[in-house]
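Engineer: Sequence isn't available, so here's the structure alone:
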(Lines give C-alpha, C1' and ligand atoms only; values in the text may rest on other atoms or scores of the structure.)
Protein backbone atom coordinates (compact mmCIF):
# COMPACT_ATOMS: atom_id res chain seq x y z
CA UNK A 1 0.00 0.00 0.00
CA UNK A 2 2.85 2.40 0.83
CA UNK A 3 4.37 1.76 -2.62
CA UNK A 4 1.06 2.60 -4.31
CA UNK A 5 0.75 5.84 -2.34
CA UNK A 6 4.35 6.81 -3.16
CA UNK A 7 3.77 6.11 -6.86
CA UNK A 8 0.57 8.21 -6.81
CA UNK A 9 2.35 11.13 -5.12
CA UNK A 10 5.22 10.97 -7.61
CA UNK A 11 2.82 10.88 -10.55
CA UNK A 12 0.72 13.81 -9.31
CA UNK A 13 3.76 15.92 -8.44
CA UNK A 14 5.29 15.15 -11.87
CA UNK A 15 2.08 16.13 -13.64
CA UNK A 16 1.87 19.34 -11.59
CA UNK A 17 5.50 20.15 -12.45
CA UNK A 18 4.83 19.68 -16.16
CA UNK A 19 1.71 21.87 -15.98
CA UNK A 20 3.56 24.68 -14.15
CA UNK A 21 6.54 24.78 -16.55
CA UNK A 22 7.02 27.90 -18.68
CA UNK A 23 7.18 26.10 -22.03
CA UNK A 24 8.15 29.30 -23.85
CA UNK A 25 11.58 28.93 -22.21
CA UNK A 26 12.03 25.28 -23.21
CA UNK A 27 15.02 24.43 -25.39
CA UNK A 28 13.93 23.51 -28.91
CA UNK A 29 15.17 20.32 -30.56
CA UNK A 30 14.29 19.49 -34.17
CA UNK A 31 14.21 15.88 -35.32
CA UNK A 32 13.78 15.01 -38.98
CA UNK A 33 12.30 11.66 -39.92
CA UNK A 34 13.18 10.81 -43.51
CA UNK A 35 13.41 7.63 -45.48
CA UNK A 36 15.13 5.29 -43.08
CA UNK A 37 16.94 7.69 -40.76
CA UNK A 38 16.50 10.15 -37.93
CA UNK A 39 18.44 13.41 -38.08
CA UNK A 40 20.05 13.80 -35.64
CA UNK A 41 20.33 10.13 -34.77
CA UNK A 42 21.50 10.94 -31.24
CA UNK A 43 19.77 13.49 -29.04
CA UNK A 44 21.65 14.88 -26.03
CA UNK A 45 19.40 16.19 -23.25
CA UNK A 46 19.87 17.22 -19.62
CA UNK A 47 17.85 15.61 -16.86
CA UNK A 48 15.16 17.88 -15.48
CA UNK A 49 15.41 20.46 -18.29
CA UNK A 50 12.35 21.46 -20.32
CA UNK A 51 12.44 20.73 -24.06
CA UNK A 52 10.17 21.23 -27.00
CA UNK A 53 10.95 18.51 -29.51
CA UNK A 54 9.61 19.18 -33.00
CA UNK A 55 9.37 16.04 -35.12
CA UNK A 56 9.21 16.62 -38.90
CA UNK A 57 8.45 13.81 -41.33
CA UNK A 58 10.11 15.00 -44.54
CA UNK A 59 9.20 11.80 -46.40
CA UNK A 60 6.07 11.15 -48.46
CA UNK A 61 5.19 8.03 -46.48
CA UNK A 62 4.49 7.55 -42.79
CA UNK A 63 7.07 7.14 -40.05
CA UNK A 64 6.99 7.05 -36.28
CA UNK A 65 9.38 7.82 -33.47
CA UNK A 66 9.14 5.08 -30.86
CA UNK A 67 10.95 5.64 -27.55
CA UNK A 68 8.73 3.89 -25.00
CA UNK A 69 11.10 3.99 -22.05
CA UNK A 70 12.05 7.62 -22.69
CA UNK A 71 8.46 8.87 -22.95
CA UNK A 72 7.38 6.71 -19.98
CA UNK A 73 9.94 8.42 -17.72
CA UNK A 74 9.71 11.97 -19.09
CA UNK A 75 7.22 14.49 -17.70
CA UNK A 76 5.03 15.28 -20.70
CA UNK A 77 3.23 18.60 -21.04
CA UNK A 78 -0.57 18.16 -21.03
CA UNK A 79 -0.85 18.72 -24.80
CA UNK A 80 1.94 16.21 -25.47
CA UNK A 81 0.00 13.47 -23.70
CA UNK A 82 -2.51 13.57 -26.56
CA UNK A 83 0.23 13.20 -29.20
CA UNK A 84 2.41 10.54 -27.59
CA UNK A 85 0.53 7.26 -27.70
CA UNK A 86 2.01 4.18 -26.05
CA UNK A 87 5.50 5.68 -26.23
CA UNK A 88 5.39 6.74 -29.85
CA UNK A 89 4.76 9.72 -32.09
CA UNK A 90 3.12 8.76 -35.40
CA UNK A 91 3.55 11.04 -38.41
CA UNK A 92 2.02 10.84 -41.87
CA UNK A 93 4.10 12.03 -44.84
CA UNK A 94 4.94 15.72 -44.55
CA UNK A 95 3.43 16.00 -41.07
CA UNK A 96 5.02 17.57 -37.98
CA UNK A 97 4.33 17.16 -34.26
CA UNK A 98 5.53 19.19 -31.29
CA UNK A 99 6.14 17.47 -27.95
CA UNK A 100 7.00 19.48 -24.84
CA UNK A 101 8.51 17.55 -21.95
CA UNK A 102 10.90 17.60 -19.06
CA UNK A 103 13.80 15.22 -19.66
CA UNK A 104 13.72 12.00 -17.61
CA UNK A 105 16.48 10.61 -15.38
CA UNK A 106 19.96 10.18 -16.80
CA UNK A 107 20.49 7.25 -19.09
CA UNK A 108 20.52 6.12 -22.69
CA UNK A 109 17.12 5.53 -24.28
CA UNK A 110 16.61 3.72 -27.57
CA UNK A 111 14.45 5.06 -30.39
CA UNK A 112 13.33 3.53 -33.68
CA UNK A 113 10.68 3.60 -36.38
CA UNK A 114 8.33 0.65 -35.98
CA UNK A 115 7.04 0.62 -39.57
CA UNK A 116 7.80 -2.59 -41.46
CA UNK A 117 11.56 -3.01 -42.03
CA UNK A 118 12.38 0.65 -41.20
CA UNK A 119 14.41 -0.26 -38.12
CA UNK A 120 16.28 -2.93 -40.08
CA UNK A 121 17.05 -0.35 -42.77
CA UNK A 122 18.70 1.91 -40.18
CA UNK A 123 15.89 4.07 -38.80
CA UNK A 124 17.17 3.97 -35.22
CA UNK A 125 18.51 6.45 -32.73
CA UNK A 126 19.38 7.18 -29.13
CA UNK A 127 18.41 9.76 -26.57
CA UNK A 128 21.21 10.34 -24.10
CA UNK A 129 20.12 12.14 -20.96
CA UNK A 130 22.90 13.44 -18.71
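Structural biologist: Arrived safely. Quantities reported herein were computed from a predicted structural model and do not represent experimental measurements.
Engineer: what about the protein, any weak spots by pLDDT?
Structural biologist: Of all residues in the chain, those with pLDDT under 70 make up the ranges 1-19.
Engineer: Where do the helices of it begin and end?
Structural biologist: 2-20, 68-73, 80-83 (DSSP state H).
Engineer: list the buried ones in the shortest one?
Structural biologist: Right, helix 80-83. Applying a neighbour-count criterion of 16 or more other CB atoms under 10 Å, one finds 80, 83 buried in helix 80-83. In this view, the C-beta of every residue, glycine as well, is placed from N, C-alpha and C.
Engineer: which residues sit against that helix?
Structural biologist: Residues external to helix 80-83 that are found in contact with it (CB atoms under 8 Å, 6 or more residues apart in numbering): 89, 97-101.
Engineer: Cross those against strands and list the overlap.
Structural biologist: When DSSP state E is applied, the contacts of helix 80-83 are split such that 89, 97-101 fall in strands.
Engineer: of all those, which comes closest to residue 58?
Structural biologist: When those are ranked by distance to residue 58 (CB to CB), residue 97 comes first, at 13.1 Å.
Engineer: where's the residue nearest the centre of the chain relative to residue 103, distance?
Structural biologist: Nearest to the mean C-alpha position of the chain, by CA atoms, centre = their mean, lies residue 71 at 5.1 Å. Counting by CB to CB, to the nearest Å, the gap from residue 71 to residue 103 is 11 Å.
Engineer: Same question for residue 85.
Structural biologist: Here the distance between residue 85 and residue 103 works out to 20 Å (CB to CB).
Engineer: Which one's more surrounded, those two?
Structural biologist: Here residue 85 and residue 103 are compared on neighbour count by other CB atoms under 10 Å; more neighbours surround residue 103, at 22 against 11.
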